[in-house]
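Q: Predicted model and sequence below, questions to follow.
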Amino acid sequence: MLLSLAWLCEFTPYEGSAEALGDRLTMLGLELKDILRPYAAISAIIVGEVTACVKHPESDHLHLCKVNAGQEELLDIVCGAPNVAAGQKVPVALVGARLPDGTVIRKAKLRGAPSFGMICSERELGMTEDHSGIMVLPEDALPGARLVDTLDLDTEVLDISITPNRSDCLSVLGLARETANAFHLPVTIQELPVTEDKTRPEALVPIDIEDADLCRLYSGRIIADIRAAPSPARVRRRLHAMGVRPISNIVDVTNYILLECGQPLHAFDLDKLRGGRIAVKTAQNNAKFTTLDGQERVLTDRDLCICDAERIVGLAGVMGGLNTEITQTSRTVFLESAIFKPESIRKTSRRLGLSSEASYRFERGIDQRRTVWALDRACAMMAAFGGGVVRRGLSRAEPKPFAPVAIAFRPEKADALLGVTLNREFCETALTLLGCVVNKGTVWRVTQPSWRPDLTREADLIEEVCRMHGLDAIPPVLPPMRKSLDRAGQSRSDYFFRSRVKHWGAGLGLNEAVNYSFVGHKDLDHLGLPRQGRISIVNPLSAEQDVLRTSLAPSLLQSLRNNLAQGVQGLRLFELAHIFEEHTDADAAPAQGQLPTAARETGMLGILLYGARHDVAWPHAEADMDYADIKGIAEHLLNFLHLPAPGCETVNDHLWLLPCVEMCVAGRSVGCMGRVKPALVDAFHARKGVWLAEFNLDALYAMHDVACVRFAPLPLYPPVRRDITVIAGSGLRVSHVLDHMAKLSLPLLAEAFLADVFEPQEGAERHLTFRLTFRHPGRTLKDAEVDKERGKVAQSLVEALGVRV
């Protein structure tokens, strides 16, 4: 976006340098790319007064001129322009001056007459393409003064990089607002009221809008008795400084308003509009239309068009049609100002490879409340420049009026995200200066201004407050970290908890998988996951990624298939990510300080094992991973998090695991593990067992957050171990035996775990051997007292569980 500093100052009284402005805008997120000086090449051109002008005696088109250039003596200059005359104030290039095209002016003789300079045309000065004659300056111009000062040209133009979300900054007015906010200046808009012709009856063009979502507002006015002619010099020079080629008063006004207000306009020759009406609707498939550039375009039923009673006359928001083009003979203009759906304009523009300044702005969003205002401003200028009159009446259809978005804003959340404590009055002032309406409360309600369509959520408001505070004003220090002795200095932060789990997985030899949060409905259906509660993506990247995942299993299985396709034989993966589900209770109120949302996110940890237990067989025996591996990893994780060993319950009706074991800690389910059903893994080209576990990471974090690490001195005396074999039916769970031993609270029993299982080929009983470890902190135990403690354990098991020992 090019920004003329002089044009900017017409909206806000900025008095600093272009460099200072560029630096400040850069800190606000609007990066300064360059400072252009479009008229630097004519800085040496001065004003001269033609005091005498006679025909050259040896030429039929040359003139001999005496020119007062503010020097002691008059200059003799030979000029060939047909419009040169005595008494004119003209631009003069003295001997030694360099013109924009590189020409250096030298003393010369033309047909025998000496010439000590050159009287210039606008094209020779690089200002316009007009070469019909010399440039005639205002009568009040002073001889000897610099031309750029006399004409008050836009000598400094800032080239600013605008991010895609800041459509409001694609205009001088928008950047003036940013400048005013940055330097605490007022914004003043010079109004140009439209004067309607009261002597004629009201003239309206009927407007029909087919789809309110595609066109929220369409308006237009009729300018009659207008004649295409060059625009005033001030407008032409300003457009030239902004990189726009002046064409005619009608076209120049639409470009001027586009740059000034950010509102694209389009002018139709009303006499060429058949039926005298406008319809905004999509084209028919394979419809053909010739745009202003003379190219015939083939349209689809997704291209939004402007039509008259019989045909297409414009591609909405992109380019007008050759059939209603403004020409030198046009006398009545219908000037359009509208709001189109950005997505529709973007798709049409990209599909046709047809980008314009108008489509560039429509794709990013337009200020709906300024649409008619910009139209009236353009009509006032067009009538003044073209000698026409604005017919009475405004043609307008607005099926979808502008409805500002009210956004919840929590200053405490801003403090947490930015790492600084912001003054509440500053937050209110910053948001108010942006044009927002602020209603304070426990949670502030902030209403967006019409020119900021990018402000839709709390994070956007926090970003704006941060910009006004200044990114450079945030101290470069690490945020404070809370530590407590009961966790051996470990932070209670969720971020650090997840980091610890990631380091645990890597340390265990697992590879971390990072997958997209979206999958396909068919992926979830393949595992039998319910459709209820799924959240579909409105604008998916592809048909295979059209829903947010409700389980990590589909993504991990896709990673398995991709790795198998690359020849991987053994795979050990883990992934930390969120799953997403709709709220089951839509009317449930959000927690204190929380924003309402339609989705529930749950942090999960997924683990997948496949193939060989070891990368190479030697020196290990060849074997594939099995239930013992996935169970061992699960128990290792809980032990790493200082949580008790899980209770395991078999789940017989799991959707995609068989066998499936549910893991519970302190009576709360924390996940499940098991083997993926063979019928399901065939689709992923797996030829061996796939073992998978899913943990509720949020539940583990909550338990880990309250768990305490207890310290004890290192043991000085050796342990004594005894085995005890429990003979019972196959229905007895190992966890029941271990839980019972733990409840005995024997002071000398330090540890108990399952050491061996023996199942006879015949019979319903099995032998479970447990290894018991006894230890005394202050002395060496004797065999007699260890045997006595073992006896207590055996007797209690027999009495409580009905087993044989």
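A: Sure, I can see it.

Q: ok, and the closest non-adjacent residue to the residue most central in space within the chain?
A: In the chain, the centroid-proximal residue (C-alpha atoms, centre = their mean) is Asn165; its distance is 6.6 Å. Here the nearest residue to Asn165 in space, its sequence neighbours aside, is Asp454; by C-beta to C-beta, 6 or more residues apart in numbering that works out to 4.2 Å. (C-beta placed from N, C-alpha, C; glycine too.)

Q: Just say helix, strand or coil for that neighbour.
A: The three-state assignment at Asp454 reads coil, by DSSP: H, G, I helix; E, B strand; the rest coil.

Q: Pull the number of nearby residues for it.
A: By the criterion of other C-beta atoms under 10 Å, Asp454 has 18 neighbours.

Q: just Met625 next, same as before
A: 22.

Q: Mind checking what secondary structure the spatially closest residue to it that is not a sequence neighbour has?
A: Distances taken as C-beta to C-beta, 6+ apart place Leu609 nearest to Met625, at 4.4 Å, with adjacent residues excluded. What three-state DSSP gives for Leu609 is strand.

Q: need the contact list for Leu609.
A: Shown in contact with Leu609 (C-beta atoms under 8 Å, 6 or more residues apart in numbering): Leu571, Arg572, Met625, Asp629, Ile630, Ile633, Val690, Trp691, Leu692.

Q: And the furthest pair within the residues you listed?
A: For the contacts of Leu609, the farthest-apart pair by C-beta to C-beta is Ile633 and Val690; their separation is 14.4 Å.

Q: Where is the longest helix in this protein?
A: helix 783-801 (DSSP state H).

Q: domain assignment for the protein?
A: Per automatic domain parsing, the structural domains of the chain span 2-38+155-183, 40-150, 196-397, 409-473, 487-706, 720-801.

Q: Next, give phi and psi for Glu129.
A: Dihedral angles of Glu129 (phi, psi; degrees, to the nearest 10) stand at phi -90, psi 10.

Q: Highest neighbour count among the contacts of Leu609?
A: The most crowded member of those, judged by other C-beta under 10 Å, is Leu692 (26 neighbours).

Q: With adjacent residues omitted, what lies nearest to it?
A: Leaving aside its sequence neighbours, Leu692 sits nearest to Leu608 (C-beta to C-beta, 6+ apart; 5.1 Å).

Q: OK, contacts around the one you found?
A: Leu608 is in contact with Leu556, Leu557, Ser559, Leu560, Leu571, Arg572, Leu573, Phe574, Val690, Trp691, Leu692, counting by C-beta under 8 Å, 6+ apart.

Q: Which pLDDT value belongs to it?
A: For Leu608, the pLDDT comes out at 97.

Q: residues in contact with Ala316?
A: Under the criterion of C-beta under 8 Å, 6+ apart, the contact list for Ala316 reads Leu214, Cys215, Val280, Leu304, Cys305, Ile306, Ala338, Phe340, Ser344, Ile345, Thr348.

Q: where's it relative to Lys272, distance?
A: Separation of Ala316 from Lys272 (C-beta to C-beta, to the nearest Å) stands at 18 Å.

Q: And Ser349, by the same measure?
A: As for Ser349, its distance to Lys272 is 24 Å (criterion: C-beta to C-beta).

Q: Those two: who's more crowded?
A: Applying other C-beta under 10 Å to Ser349 and Lys272 shows that Ser349 carries more neighbours, namely 22 against 17.

Q: how about Gly671, phi and psi?
A: Dihedral angles (degrees, to the nearest 10) for Gly671: phi 160, psi -180.

Q: how about the nearest residue to it, chain neighbours excluded?
A: Distances taken as C-beta to C-beta, 6+ apart put Phe695 closest to Gly671, at 3.7 Å, once the chain neighbours are dropped.

Q: just Met703 next, same as before
A: Excluding its sequence neighbours, the residue lying closest to Met703 (C-beta to C-beta, 6+ apart) is Leu643, at 5.7 Å.

Q: ok, that neighbour - contacts?
A: By C-beta under 8 Å, 6+ apart, the contact list for Leu643 reads Val665, Leu700, Met703, His704, Ala707.

Q: For the fourth one, the count of nearby residues, please.
A: Just to be clear, that refers to His704. Using other C-beta under 10 Å, His704 has 20 neighbouring residues.

Q: helix, strand or coil for it?
A: Secondary structure state of His704, per three-state DSSP, is helix.
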